[in-house]
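Participant: Here is a sequence together with a model predicted from it:
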Amino acid sequence: MEKINTGFLKKCIIKSVLLVTLVFALFSCKEKAKKLNEIAKAEVLEKQPNFIFIMVDDLGKEWFPSYGATEIITPKIDALVNTSIKFNNVYSMPQCTPSRVALITGQYPYSNGWVNHYDVPRWGHGANFDADKNPSFAKALQNAGYKTCIAGKWQINDFRIEPNAMQKAGFDAFCMWTGYESGNAPSDNRYWDPYIITKEGRKTYEGEFGPDIFSDFVIDFMNQNNENPFCIYYPMVLTHSPFVHTPNEPEAKPKYEKHLAMVRYTDFIIGKILDNLEQTGLDDNTYLVFTTDNGTSPSIIGKRNGKYIRGGKAYLTENGINSPFIVKTPDNKHFTTNALVDFTDVLPTLLDLAGVEQQPEYKIDGHSFANVLTDKATKSERDYMLSMGGLPAHINKEGWLENAMQFRDRVLRNEKYKVYVDTLQNIHRLYNLENDPYETENLIGDAEMKPVLSEFKTQVDAFPKLDNNPTYTNLPGLPTDVKTEFLDKAVNRLKHRKTNMMGLATEEQFLKLSQHAVETKK
């Protein structure tokens, strides 16, 4: 037997021990690094703020006392304003679809293609908001670790064809009025006996009031996800027609009285959400935004700052697009700002506040106004804001959703001046909103306004010469889809529209509407 070399053996043993120690050390470091990364990620998530974005349907500033309204009392919204930042210059789009898609995507209608209003479940033909081909603030936040929720009105997908549309758009939880689905009469109900879809399926909630179901869903989501940063998008069904009585005012009968009841119920719901935020302590780390998608229905007249304001929905006058916009910050900053903001700014602002990078594959038109919210900056990052769109689109011969015009008329404004741009890309109206807030004196021919017009012309010339059409994967339609001839006729009426302006109402018109309500109530 050979003699064992003990020295060599010792060296081998020492090397083995060192190797094993090194392996364990590396493994331990890797595990520690993994744990540290998890802790760091958790700390980042813990610091990220929550977001609640509430958007009322069809309600202009003439129904908010904080903006000078005199025909309504909204104590809960007033209390919100008293601990929040009130914006004076925020543009929505003039009607439902272009407002909502601009908000979701951070893109103007001429970019995202949803220039016209198109009620997908009602009209069909395979059109849809394609979340695989378009940006979504919910999807971006969800990818960054946020829990996301939506409740209320969507109307840009048909849930019969796409039951997973909300998940595709980036929402973990949803409770939605389906929108009126062609051929499905119960789906017309968003208020009493509402027809609602959730992950559990779709059904009519007999004897219940839809706004209660949606607001309770929002509050439950807040309470169930309070350990994680969350984003709630609450596009309310109130106060859109049909005008109805509410649980708090069951005796409301005439249209005007029902409208008042619906506004007051909106205030009641805002109070519920604010109370829950305070009771749970979530208000210390939550941004709450309260706004509306466009002006009030033109069939309703309110009073603001001594003027009788007819609802401006679907019009480009200030009563149609200059929306109330209130932001409650975690530290309850309270001031009023004239900073310029429009709906394309919501996506970049939410991502900025959350510390989330924008999706590089998409061009975003909006600008973050986080500096106004965090640093009390007096100006946003934009020099002008834009609004455009509304009224029906149609289906072309190839079966695709197509805008009514190749270049849609629009408005641009800065803090002082506003211009109207026609379908030939010419500026044809100019107003000094500082002196003429109700747009009664067109200054287009005023020689002193040439420098102002020149500045706006530079912006207009920078627009694409053609608006995009929606980008989506065409889905199979349904036998109940509206006839294309119906949409063609609607588009033809749009092309012959004389003006995109809704002027002031008269005292006589206001009294006729409001006194009829009083007499009917008696």
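Facilitator: Perfect, thanks for sending it.

Participant: which stretches of the stretch 401-522 of the chain have low pLDDT?
Facilitator: Within the stretch 401-522 of the chain, the segments meeting pLDDT under 70 span 516-522.

Participant: Strands along that one, start to end?
Facilitator: With DSSP state E, counting those that start in this stretch, the ranges of strands along the stretch 401-522 of the chain come out as 401-402, 410-413, 417-421, 427-432.

Participant: To I364, which of the ones you listed lies closest?
Facilitator: I364 sits nearest to strand 410-413 of all these, at 18.5 Å, using CB to CB. No exception for glycine: its C-beta is placed from N, CA and C like everyone else's.

Participant: Quick check: can you name the pairing partners of that closest one and their directions?
Facilitator: strand 385-388 (antiparallel), strand 417-421 (antiparallel) (DSSP bridges).

Participant: Throw these into JSON lines and include distance to N157 and mean neighbour count, thanks.
Facilitator: Formatted as JSON lines, these follow (distance: least, CB to CB, whole Å; neighbours: other CB atoms under 10 Å):
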{"stretch": "strand 385-388", "distance to N157": "23", "mean neighbour count": "25"}
{"stretch": "strand 417-421", "distance to N157": "31", "mean neighbour count": "23"}
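
Participant: Let me have those in CSV, adding distance to L277 as columns.
Facilitator: Shown next, in CSV, are these (distance: least, CB to CB, whole Å):
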stretch, distance to L277
strand 385-388, 29
strand 417-421, 36
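
Participant: Put together JSON lines for the strands of the stretch 401-522 of the chain, with distance to N189 on each row.
Facilitator: Shown next, in JSON lines, are the strands of the stretch 401-522 of the chain (distance: least, CB to CB, whole Å):
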{"stretch": "strand 401-402", "distance to N189": "26"}
{"stretch": "strand 410-413", "distance to N189": "35"}
{"stretch": "strand 417-421", "distance to N189": "38"}
{"stretch": "strand 427-432", "distance to N189": "41"}
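
Participant: so which of the ones you listed comes closest to K495?
Facilitator: K495 lies closest to strand 401-402 among these, at 13.3 Å (CB to CB).

Participant: what's the closest one packed up against?
Facilitator: strand 394-395 (3 or more CB pairs under 8 Å, 6 or more residues apart in numbering; DSSP states H and E).

Participant: Paired strands for the strand it packs on, with orientation please.
Facilitator: Partner strands for strand 394-395, per DSSP bridges, with pairing direction: strand 401-402 (antiparallel).

Participant: Endpoints of stretch 193-208, how far apart?
Facilitator: From its first residue to its last, stretch 193-208 covers 5 Å (CA to CA, to the nearest Å).

Participant: scratch that, stretch 115-123
Facilitator: Start-to-end, stretch 115-123 (CA to CA) is 16 Å.

Participant: which residues touch it?
Facilitator: By CB atoms under 8 Å, 6 or more residues apart in numbering, the residues outside stretch 115-123 that reach it are 95-98, 109, 127-129, 155-160, 178-182, 187, 314, 388-393, 401, 403-405, 408, 467, 481-482, 487, 494.

Participant: tell me which helix or strand of this structure sits lowest on mean pLDDT?
Facilitator: helix 6-47 (a mean of 51; mean pLDDT, DSSP states H and E).

Participant: Pick out the residue nearest the middle of this protein.
Facilitator: Centroid-nearest residue in the chain: L103, 4.3 Å away (criterion: CA atoms, centre = their mean).

Participant: Following the helix or strand that contains it in sequence, what is the next regular element?
Facilitator: Per DSSP states H and E, L103 falls inside helix 96-105. Using DSSP H and E, the helix or strand that follows helix 96-105 towards the C-terminus is helix 109-112.

Participant: Against which helices or strands is that following helix packed?
Facilitator: helix 96-105.

Participant: Quick one: mean pLDDT for the helix it packs on?
Facilitator: The pLDDT scores in helix 96-105 average 98.

Participant: Tell me how far that helix lies from the chain's centre.
Facilitator: Relative to its chain's centre, helix 96-105 lies at 6 Å (CA atoms, centre = their mean, to the nearest Å).

Participant: CA-only coordinates of that helix, as CSV, when you get a sec.
Facilitator: The C-alpha trace of helix 96-105 is given here as CSV (Å, rounded to 0.1, in the frame of the first residue of the first chain):
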residue,chain,number,x,y,z
CYS,A,96,-68.4,60.7,-25.0
THR,A,97,-66.2,58.5,-27.2
PRO,A,98,-63.4,60.9,-28.1
SER,A,99,-63.1,62.1,-24.5
ARG,A,100,-62.9,58.6,-23.1
VAL,A,101,-60.4,57.3,-25.6
ALA,A,102,-58.2,60.4,-25.3
LEU,A,103,-58.2,59.9,-21.5
ILE,A,104,-57.3,56.2,-21.7
THR,A,105,-54.6,56.6,-24.4
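
Participant: Can you name every helix or strand that that helix contacts?
Facilitator: Under the contact rule (3+ CB pairs under 8 Å, 6+ apart), helix 96-105 is packed against helix 109-112, helix 137-143, helix 346-354.

Participant: between those helices, which gets nearest to V81?
Facilitator: With CB to CB as the criterion, V81 lies closest to helix 346-354 of the helices and strands packed on helix 96-105, at 19.1 Å.

Participant: just checking, next helix/strand downstream of whichever strand or helix holds K303?
Facilitator: For K303, the host element (DSSP H and E) is strand 301-304. Downstream of strand 301-304, the next assigned helix or strand under DSSP H and E is strand 307-310.

Participant: quick one on the thing from earlier: format the helices and strands packed on helix 96-105 as TSV; extra columns: mean neighbour count and mean pLDDT.
Facilitator: Shown next, in TSV, are the helices and strands packed on helix 96-105 (neighbours: other CB atoms under 10 Å; pLDDT from 0 to 100):
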stretch	mean neighbour count	mean pLDDT
helix 109-112	24	98
helix 137-143	22	97
helix 346-354	24	98
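
Participant: Let me know which of those helices is the nearest to I213.
Facilitator: Minimum separation from I213 across those (CB to CB) falls at helix 137-143, 20.5 Å.

Participant: and that closest one, C-alpha only, in PDB?
Facilitator: Extracted in PDB, the C-alpha atoms of helix 137-143 (Å, rounded to 0.1, in the frame of the first residue of the first chain):
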ATOM      1  CA  PHE A 137     -52.900  54.000 -18.600                       C
ATOM      2  CA  ALA A 138     -54.500  51.100 -16.700                       C
ATOM      3  CA  LYS A 139     -52.300  48.600 -18.500                       C
ATOM      4  CA  ALA A 140     -49.200  50.600 -17.900                       C
ATOM      5  CA  LEU A 141     -49.900  50.900 -14.100                       C
ATOM      6  CA  GLN A 142     -50.900  47.300 -13.900                       C
ATOM      7  CA  ASN A 143     -47.600  46.200 -15.500                       C
END
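
Participant: In contact with the residue nearest to N157 when sequence neighbours are not counted, which residues?
Facilitator: Of all residues not flanking N157 in the chain, A165 sits nearest, at 3.8 Å (CB to CB, 6 or more residues apart in numbering). Applying CB under 8 Å, 6+ apart to A165 gives the contacts 128-129, 131, 154, 157, 159.

Participant: hmm, back to that, who touches the residue nearest to the centre of the chain in this structure?
Facilitator: Counting by CB under 8 Å, 6+ apart, L103 has contacts 55, 137, 343-344, 346-347.

Participant: Please repeat the previous calculation with a cut-off of 10 Å.
Facilitator: 53, 55, 92-93, 137, 233, 235, 291, 293, 342-347, 366 (CB atoms under 10 Å, 6 or more residues apart in numbering).

Participant: again, but for P464
Facilitator: 108, 110-111, 407.

Participant: What residues of stretch 359-367 count as buried?
Facilitator: Residues of stretch 359-367 classed as buried: 359, 362, 364-367 (neighbour count, 16 or more other CB atoms under 10 Å).

Participant: can I get the residues you listed in a markdown table with distance to L80?
Facilitator: Listed next are the buried residues of stretch 359-367 as a markdown table, based on distance: CB to CB, whole Å:
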| residue | distance to L80 |
| --- | --- |
| Q359 | 31 |
| Y362 | 32 |
| I364 | 28 |
| D365 | 29 |
| G366 | 24 |
| H367 | 25 |
